[in-house]
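# no FASTA, just this:
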C-alpha cells in the first residue's frame with residue numbers, strides 16, 4: 001500500500017493580504033515558518049519514503065523543514081508548481097474583482113470553465129499533477145509526501161476522489177493542512193482531510209479559502 005500525504009505550504013503575507021500568488025516566488029512569513037516547524041514535528045515519528053515539492057520557495061521551505069527529521073532528499077517537481085494566474089498574479093483580490101468582473105464571476109461559479117488570461121486552466125493543473133501521482137505510485141511504496149499549493153491540492157483531491165474540476169469550491173485546505181489518501185488495488189481512499197490539529201500553538205482564526 002502507498003500512502004500519499006498532500007500538504008499545503010505554510011502561510012505567507014500574500015495569503016493574509018489576499019493577493020493572488022501563482023508563480024510569484026513568495027517566502028513563508030514568520031507564522032508560516034512556525035506552522036512548518038509544528039507540522040514537521042508532528043510528522044517526525046513516521047517513516048517517510050519520499051518527499052516531493054513544488055519548486056516555489058513557500059512550498060520548498062515547508063518541505064525542507066519536514067525533511068530535517070528524515071534522511072531523504074527532496075524531489076523538486078514542476079508537476080506541483082502553483083496555478084498560473086496569468087494577468088491576475090500579484091494582484092489583490094479586490095482589484096481582480098473590480099477589473100475582471102465577468103471572469104471573476106465565472107471563476108467563482110464555474111472554475112472548471114476558466115482559462116486565465118496569460119495563464120492556465122484547472123485542466124492544465126490536473127494533467128500535470130495527476131501525471132506526477134502516476135509516477136509516484138509506480139515508483140514508491142510506503143508514505144509519500146507532496147508539498148504544493150491550494151489550487152494544485154484542491155484539484156488533486158477532486159481527481160483522486162473521482163470528481164471533476166467543477167467541485168473545486170467544495171474543498172478547502174488551510175495553510176499546512178494535511179490531506180491523506182491510501183492507494184491500494186487501483187483505488188485512492190481518502191483517510192484524512194485538512195488536518196491542522198498540530199497548529200494549536202499558533203492558532204488564529206482560519207483564513208478564507210484564498
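In hand now; what should we look at? The shown structure was predicted, so the numbers you read here are calculated from the model rather than taken from an experiment.

# Quick one: end-to-end distance for stretch 142-156.
Start and end residues of stretch 142-156 are separated by 19 Å (CA to CA, to the nearest Å).

# ditto for stretch 41-56
Using CA to CA, the span of stretch 41-56 from its first residue to its last is 22 Å.

# What of stretch 177-193?
The straight-line separation of the ends of stretch 177-193 (CA to CA) is 8 Å.

# same deal with stretch 39-50?
Across stretch 39-50, the terminal residues are separated by 16 Å (CA to CA).

# how distant is it from the center of its chain?
Chain-centre distance of stretch 39-50: 18 Å, with CA atoms, centre = their mean, to the nearest Å.

# likewise stretch 30-39?
For stretch 30-39, the distance from its own C-alpha centre to the chain's C-alpha centre is 15 Å (CA atoms, centre = their mean).

# And the residue positioned nearest the centre of the chain, its phi and psi?
Nearest to the mean C-alpha position of the chain, counting by CA atoms, centre = their mean, stands residue 149 at 2.6 Å. Note on residue 149: its backbone torsions stand at phi -130, psi 170 [degrees, to the nearest 10].

# Do you have the helices of the chain handy? List them.
Taking DSSP state H as the criterion, the chain carries its helices at 13-16, 30-42, 57-67, 93-99, 101-109, 122-139, 150-160.
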